[in-house]
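Peer 1: Sequence first, predicted coordinates after that:
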Amino acid sequence: MSPKLPRKIRLLLSTLNFVTDLCRRSNGTINRCLMSLIDFKSPPSENPTNGVQTSDFTVDPSRNLWFRLYTPTTATTTNNNSNSLPIIFYFHGGGFGFFAANSKPFDDLCQRLAQEIPSIIISINYRLAPEHKYPCQYEDGFDVLKFIDEENFKHFPQKANLKQCFIAGDSAGGNIAHHVALKACGYKFLKLQVIGLTSLQPFFGGEERTESETNLAGAPLITVERTDWMWKAFLPQGSDRDHAAANVFGPNSIDIYGLKFPATIVFVGGFDPLQDWQKKYYEGLKRAGKEAYLIEYPNAIHSFYGFPEFPESSLMIKEMRDFMEKQSYK
């Protein structure tokens, strides 16, 4: 099954599929030079663009760990403190092995989130698989949270509210967001408080083949063959897809029942082959007694949020804003 898409978007997705498939070598490595031909980067902009200023900050040059900071300059705040804005730690998608925090589609998305929610966005450039396998991505993400909590660097916006921090991510970034939130549950921050998690079509999996993986074989971007390759590139040597990193409520998972896991909103698309795993994630959170919300868009493809032309993209931002306001008012 495949949805009807505008010709321009269908062509773009087909090109992305073709090139990323060419980049994925049979030995489990990625042709980075070839990938750079379609992975266009956006530079930071000290002069505000569409009401948002962006700048890059290095956390650890030895592992190229840095983040892009998005600060709205014309924001009308909607939380309890009119002089403050919530913070979103954002993790980009790309199957753990592709793209970066400054890749144009993710830069565009974070600009929208910063302006329309409004909020301070910290988009994290984590290390990529297969050169850096599990748990490098989780460690990078968590280290940025600690950096923001511990460092008092002069460029950090004064209106950023460290008591209203959210973790968010799309696709593989949604997977990373979950595991970073999990690490945060057992850590005592000095100032930072994580109060919510936004999971945009998170990339989870397992040895089981779900109904949506089988029935949506012709959907854009996601195929079983591609996701199997990505899990093999990311997970430790000799692991299968029931590893706790992939199957977060599976046979090898970590019990989160007694943890103070943040309230979570999960977005699912009806044309996403991963939707059954995403629903299992939501159901697992509910079984563990956690506050969780499921938002389903029947006509949405995987990565719909990156296309402002889709009505679901704007709906998602509104749902995300409402969710953040609800958590901030508690």
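Peer 2: That came through fine. Numbers count the residues shown, from 1 in each chain.
Peer 1: From now on I want contacts and neighbour counts done on CA atoms only, so please keep to that.
Peer 2: Fine.
Peer 1: how about the strands in the stretch 1-150 of the chain?
Peer 2: For the stretch 1-150 of the chain, applying DSSP state E, counting those that start in this stretch gives strands covering 52-60, 65-72, 85-91, 120-125.
Peer 1: Dump those into JSON lines; add mean neighbour count and mean pLDDT as well.
Peer 2: Output for the strands of the stretch 1-150 of the chain, formatted as JSON lines (neighbours: other CA atoms under 10 Å; pLDDT from 0 to 100):
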{"stretch": "strand 52-60", "mean neighbour count": "17", "mean pLDDT": "96"}
{"stretch": "strand 65-72", "mean neighbour count": "25", "mean pLDDT": "97"}
{"stretch": "strand 85-91", "mean neighbour count": "27", "mean pLDDT": "98"}
{"stretch": "strand 120-125", "mean neighbour count": "28", "mean pLDDT": "98"}
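Peer 1: Can you add distance to Leu12 and give these back as CSV?
Peer 2: Formatted as CSV, these follow (distance: least, CA to CA, whole Å):
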stretch, distance to Leu12
strand 52-60, 26
strand 65-72, 25
strand 85-91, 22
strand 120-125, 24
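Peer 1: Could you say which one of those comes nearest to Ala100?
Peer 2: Closest approach to Ala100 among these (CA to CA): strand 120-125, 5.7 Å.
Peer 1: can you give me the helices for the stretch 1-150 of the chain?
Peer 2: Counting by DSSP state H, counting those that start in this stretch, the stretch 1-150 of the chain has helices at residues 7-23, 32-35, 104-116, 136-150.
Peer 1: Need the winner for burial among these.
Peer 2: Ranked by mean neighbour count, the helices of the stretch 1-150 of the chain are led by helix 104-116 with a mean of 21 (mean count of other CA atoms under 10 Å).
Peer 1: Could you give the average pLDDT over that one?
Peer 2: Helix 104-116 shows an average pLDDT of 97 in the prediction.
Peer 1: Let's see that helix as PDB, backbone CA atoms only.
Peer 2: Extracted C-alpha coordinates of helix 104-116, given in PDB (Å, rounded to 0.1, in the frame of the first residue of the first chain):
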ATOM      1  CA  LYS A 104      18.400  21.200   5.900                       C
ATOM      2  CA  PRO A 105      15.100  19.200   6.500                       C
ATOM      3  CA  PHE A 106      15.800  19.000  10.300                       C
ATOM      4  CA  ASP A 107      17.100  22.600  10.400                       C
ATOM      5  CA  ASP A 108      13.800  23.700   8.800                       C
ATOM      6  CA  LEU A 109      11.800  21.600  11.200                       C
ATOM      7  CA  CYS A 110      13.500  23.000  14.300                       C
ATOM      8  CA  GLN A 111      13.100  26.500  13.000                       C
ATOM      9  CA  ARG A 112       9.400  25.900  12.800                       C
ATOM     10  CA  LEU A 113       9.200  24.400  16.300                       C
ATOM     11  CA  ALA A 114      11.100  27.300  17.800                       C
ATOM     12  CA  GLN A 115       8.900  29.800  16.200                       C
ATOM     13  CA  GLU A 116       5.500  28.200  16.300                       C
END
